[in-house]
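Asks: attaching a predicted model along with its sequence, questions to come.
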Amino acid sequence: MDEKVTALCENFITNRDILKKVFRGESLYVYPVAANALTSHGVTADEDKLRECKKIIKKNAGALSYLKGNVMMPFAANLSIKEDPKAHFDKVIKIYNYAKKKFNRSEYSALLAIMLADLTDEASYAAVVDRGKEIYDLMKNEHPFLTNEQDSVLAGLMALSEKNNTDLIDDMEKCFDLLKIKYSHKSSIQSVSHVLSLTQGSAREKVEHLNDLYDALREAGKKYGVYTELSTLAAVSVLDSDIEKMRDTIIEIDEFLSKQKGYGLLGLDKKTRLMNATMLTTDLYETAQASQAASTASAIAVSAAQSLAVCIIITSTIATNVAASST
């Protein structure tokens, strides 16, 4: 394996295992998400600081706050890399209190606040949330039965785009129409269309690039999931045009993970493992592009697309927990 890939993978596993010590009994699907919040920044988890951040959330979030729900572990991981975790927590609370006025009070509003705290400043978050609500309403008009609370997070991230709302929705719809030719799960392809609408280029070019990567993996014997997993593949597909290189990196990381505890018979299945490999590949490519000016439209789109991929993984866990509790 390439040295950078090896270092990334080993750090990811180290971070996941430390999180398991601090947060016992959580969903197997959330540990990799939280670990990636550290790994993507080149950070190795600090157990003491994670415990400190966990206490900050429990003490200050409020008894019934959704910040203490399924998002707490990724949130604590995010806080632990901040110079002043309490100050960043306070920023998240401000955004959350504003976001839940525009959207329903839910785990999704909590997720949106956590993400926007990293992507906006004190002077701009309210305008982003307001615009996100406008985009959400436009989504609802286009797809009244498909659009749900999860899309409030996606709309909030789309509000970071330099494109105007009309162009975003138009691009999203064009991507959606092209995606449904190949993929049948409409809720999934709606999320993918949101990722792709954030980026530059024609809808046809973006969808074809995603399709090429998906097909390249299948031809290599890797059956990529077409439900919540597909948004993660879309996030990495927008980062580079070299399909073979991306495919090979995903496969290399997948094979590394296949030998790790937690990815076997009693752990995460092959499709989830491949999705985690794609998530880590996104870290590699996003880091490689970090030299670009952070203010460019493409850099903002890459950051939002990566955050959206993480959001999809967490929200799919929420849906799984809800389904389990109703049986």
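Replies: Looks like it came in fine. Residues are numbered from 1 along each chain as shown.
Asks: Ser202: neighbouring residues, count only.
Replies: Number of residues near Ser202 (other C-beta atoms under 10 Å) recorded here: 12. Quick note: C-beta positions are derived from backbone N, CA and C, even for glycine.
Asks: quick one: contacts for it?
Replies: Listed by C-beta atoms under 8 Å, 6 or more residues apart in numbering, Ser202 has no contact partners.
Asks: now with 10 Å?
Replies: Asp171, Lys174, Cys175, Leu178, Glu208 (C-beta atoms under 10 Å, 6 or more residues apart in numbering).
Asks: now do it against Gly225, distance only.
Replies: 26 Å (C-beta to C-beta, to the nearest Å).
Asks: cool, and Ala61?
Replies: 33 Å.
Asks: how many neighbours does Arg24 have?
Replies: Arg24 has 7 neighbouring residues, counting by other C-beta under 10 Å.
Asks: tell me how far it lies from Ala155.
Replies: With distances taken as C-beta to C-beta, Arg24 is found 34 Å from Ala155.
Asks: keeping just the C-alphas, turn stretch 55-72 into PDB.
Replies: What follows is stretch 55-72, C-alpha atoms only, in PDB (Å, rounded to 0.1, in the frame of the first residue of the first chain):
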ATOM      1  CA  LYS A  55     -19.100  15.900  29.400                       C
ATOM      2  CA  ILE A  56     -19.500  19.300  27.700                       C
ATOM      3  CA  ILE A  57     -22.300  18.000  25.600                       C
ATOM      4  CA  LYS A  58     -24.100  16.200  28.400                       C
ATOM      5  CA  LYS A  59     -23.800  19.100  30.800                       C
ATOM      6  CA  ASN A  60     -24.800  21.900  28.500                       C
ATOM      7  CA  ALA A  61     -27.000  20.500  25.700                       C
ATOM      8  CA  GLY A  62     -30.200  20.200  27.800                       C
ATOM      9  CA  ALA A  63     -32.000  17.100  29.000                       C
ATOM     10  CA  LEU A  64     -34.000  16.600  25.800                       C
ATOM     11  CA  SER A  65     -31.600  18.000  23.300                       C
ATOM     12  CA  TYR A  66     -31.000  16.100  20.000                       C
ATOM     13  CA  LEU A  67     -27.400  17.000  20.300                       C
ATOM     14  CA  LYS A  68     -27.200  14.200  22.900                       C
ATOM     15  CA  GLY A  69     -28.800  11.600  20.600                       C
ATOM     16  CA  ASN A  70     -27.300   9.700  17.700                       C
ATOM     17  CA  VAL A  71     -25.100  12.700  16.700                       C
ATOM     18  CA  MET A  72     -23.400  13.000  20.100                       C
END
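Asks: list only those of the contacts of Ser202 flagged as buried.
Replies: Of the members of the contacts of Ser202, the ones counted as buried by neighbours, 16 or more other C-beta atoms under 10 Å, are Asp171, Lys174, Cys175, Leu178.
Asks: helices - which of these land there?
Replies: Taking DSSP state H, the ones among the buried ones among the contacts of Ser202 that sit in helices are Asp171, Lys174, Cys175, Leu178.
Asks: quick check, nearest of those to Arg51?
Replies: Cys175 (42.6 Å; C-beta to C-beta).
Asks: now the closest one. Nearest residue, chain neighbours left out?
Replies: Leaving aside its sequence neighbours, Cys175 sits nearest to Ser193 (C-beta to C-beta, 6 or more residues apart in numbering; 4.0 Å).
Asks: the stretch 51-200 of the chain: helices as residue ranges?
Replies: Along the stretch 51-200 of the chain, the stretches classed as helices by DSSP state H, counting those that start in this stretch are 72-80, 85-102, 107-119, 125-142, 150-158, 165-179, 186-197.
Asks: buried deepest among the ones you listed, which one?
Replies: helix 150-158 (a mean of 28; mean count of other C-beta atoms under 10 Å).
Asks: so which elements touch it?
Replies: Contacts defined by 3 or more C-beta pairs under 10 Å, 6 or more residues apart in numbering; DSSP states H and E place helix 150-158 against helix 85-102, helix 107-119, helix 125-142, helix 165-179, helix 186-197, helix 297-325.
Asks: among these, which is nearest Leu265?
Replies: Leu265 lies closest to helix 297-325 among the helices and strands packed on helix 150-158, at 19.1 Å (C-beta to C-beta).
Asks: what about that closest one, average pLDDT?
Replies: Averaging pLDDT along helix 297-325 yields 58.
Asks: with stretch 20-30 instead?
Replies: 90.
Asks: what residues sit buried inside it?
Replies: For stretch 20-30, using 16+ other C-beta under 10 Å, the buried residues are Lys20, Val22, Phe23, Glu26, Ser27, Leu28, Tyr29, Val30.
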